[in-house]
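Participant: fold the stuff below for me.
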Amino acid sequence: MKSSPEEAAGPDPMESMIERARVLAEALPYIQRFDTKTMVVKYGGHAMMDPELKVSVIRDLVLMESVGMRVVIVHGGGPEITRLMKKMGMKPKFSNGQRVTDEETLSITEMVLDGKINGEIVNEINQAGGRAVGLSGKDGRLILARRYQPVGPDGQPLGDIGYVGEVERINPEILNVSHEHEFIPVVSPIGVDAQGQTLNINADTVAAEMAIAMKAARLILLTDVRGICRDPSDPSTVIATLPAAECKQMIADGIIRGGMIPKVSACLHALEGGVEKTHVIDGRIPHALLLELFTDRGIGTQIIQ
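Facilitator: Predicted coordinates for the structure are as follows:
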C-alpha cells in the first residue's frame with residue numbers, strides 16, 4: 001500500500017517549529033524569575049563520565065549563565081580517584097561509606113580533582129562558548145575546613161579516616177569576583193584547615209554550604225537516580241515536590257537510605273540555611289538541568305521547606 005504524499009513527506013516542519021516555540025514560551029517566566037539568581041550545581045555521577053551527557057550538561061550550564069543566572073559548579077570525582085588508585089596498585093579503603101584518606105591518597109585525590117577533572121570541566125565550558133575559571137577550595141581560602149570525626153549512633157568516635165574534612169566556613173569573595181567578571185566558577189571540594197592542612201571534603205556537603213554562603217535560589221544535585229521515590233525500586237514513583245518534614249520522615253522510615261541520605265541531608269541543610277529550593281535530579285537524562293528549571297513539571301524531586 002502506497003503512502004499518501006503527506007505521510008511520504010515525514011513530520012511537518014511547521015509543527016516542529018511550533019513545538020520549539022511552545023517550549024521557549026514555557027521557559028520564559030522561569031528565565032525572568034531566575035535572572036541574576038545564584039544557582040549552585042553539584043556535578044557528578046554518570047553525567048560526568050558519559051561523553052554525550054557531558055556535552056548536554058555543559059550546554060545547559062552555559063545557557064543558564066547566558067540568560068542571566070549566576071552559576072556555581074561544585075564537582076565530585078570519586079570514581080576517577082578510585083580508578084587511578086587501582087591503576088597505581090593501591091587498594092581504596094572505606095569506613096562507613098567514607099573514603100579513608102591517608103597522605104598518599106590525599107595527594108592522588110588532589111591531583112585528580114584539581115589537576116584533571118576541574119581543568120576538563122573548565123575547558124569544556126570554554127569550548128561551548130562560556131567563560132569558566134577553575135578553583136580549588138584552597139584558592140582565596142574559599143573553603144575553610146576542619147578534620148572530620150565520624151561518630152556512631154551512640155555518639156562514640158568510629159575511628160580515624162585520615163585527611164577528610166567538613167566545612168567550617170565558606171569565604172565567597174572569589175566567587176563573587178568571578179561572577180562580576182562574568183566567569184562561571186568551577187570548584188573542586190578540597191579545603192584547608194587553620195594550620196594549612198589540605199582536606200578532602202564530600203562534594204554534596206560543599207555544594208550545600210556554598211549555596212548557603214552565596215544566598216542561592218537553588219541547589220541542584222545531579223545524581224544517577226530519577227529523584228526521591230516512594231518506592232526506591234520503582235522509578236515511576238518519583239515525587240515531584242517533597243516538603244522537608246516529609247523528607248525527614250522518609251529517612252526515619254528507611255525509604256530514603258544508603259547513598260541518598262548524605263545527598264538529601266545536604267539539601268535539608270541548605271534549606272535550613274536559607275536556600276529557597278533544592279533539587280535532586282537524574283543527570284543521565286539529556287538536558288536534565290533545563291527540564292527541571294524551565295518546565296512546569298520538572299523531571300526530578302524538588303525539596304521545599
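Participant: tell me which residue lies nearest the centroid of this structure.
Facilitator: Nearest to the geometric centre of the chain sits residue 42, at 1.4 Å (CA atoms, centre = their mean).
Participant: which residues in the protein form helices?
Facilitator: For the chain, applying DSSP state H gives helices covering 5-8, 13-33, 51-66, 78-87, 103-110, 118-127, 173-180, 203-213, 244-252, 260-272, 288-294.
Participant: of all those helices, which lies closest to residue 93?
Facilitator: helix 103-110 (8.1 Å; CB to CB). Glycine gets a C-beta too; all of them are placed from N, C-alpha and C.
Participant: so for the closest one, mean pLDDT?
Facilitator: Per-residue pLDDT over helix 103-110 has a mean of 95.
Participant: just checking, what packs against it?
Facilitator: Packing partners of helix 103-110 (3 or more CB pairs under 8 Å, 6 or more residues apart in numbering; DSSP states H and E): helix 78-87, strand 198-201.
Participant: contact partners of the first one?
Facilitator: Read that as helix 78-87. 44, 49, 91-92, 99, 105, 108-109, 111-113, 116-117 (CB atoms under 8 Å, 6 or more residues apart in numbering).
Participant: out of those residues, who's nearest residue 303?
Facilitator: Among the contacts of helix 78-87, residue 44 lies closest to residue 303 (CB to CB), at 17.8 Å.
Participant: quick one, grab the pLDDT at the spatially closest residue to the closest one that is not a sequence neighbour.
Facilitator: Closest residue to residue 44 apart from its sequence neighbours, by CB to CB, 6 or more residues apart in numbering: residue 76 at 3.7 Å. pLDDT, residue 76: 91.
Participant: any figure for the gap between residue 171 and residue 28?
Facilitator: Separation of residue 171 from residue 28 (CB to CB, to the nearest Å): 36 Å.
Participant: one step back: shouldn't the residue nearest to residue 44 be in contact with residue 46?
Facilitator: No - the criterion here is CB atoms under 8 Å, and residue 76 misses it with residue 46 at 11.7 Å.
Participant: the two: who's more crowded?
Facilitator: In terms of neighbours (other CB atoms under 10 Å), residue 76 is the more surrounded of residue 76 and residue 46; the figures are 22 against 14.
Participant: ok, that one to residue 109 distance?
Facilitator: 11 Å.
Participant: and for residue 240?
Facilitator: In terms of CB to CB, residue 240 sits 36 Å off from residue 109.
Participant: and if you look at residue 294?
Facilitator: Using CB to CB, residue 294 is found at 35 Å from residue 109.
Participant: follow-up on the earlier one: of the helices of the chain, flag the one that's most buried.
Facilitator: helix 203-213 (a mean of 26; mean count of other CB atoms under 10 Å).
Participant: what is the orientation angle of that helix with helix 173-180?
Facilitator: Calculated by axes from the mean of the first three to the mean of the last three CA atoms, to 10 degrees, helix 203-213 forms an angle of 70 degrees with helix 173-180.
Participant: what helices and strands are in contact with helix 203-213?
Facilitator: Other helices and strands packing on helix 203-213, by 3+ CB pairs under 8 Å, 6+ apart, are strand 38-43, strand 70-75, strand 164-170, strand 218-223, helix 260-272.
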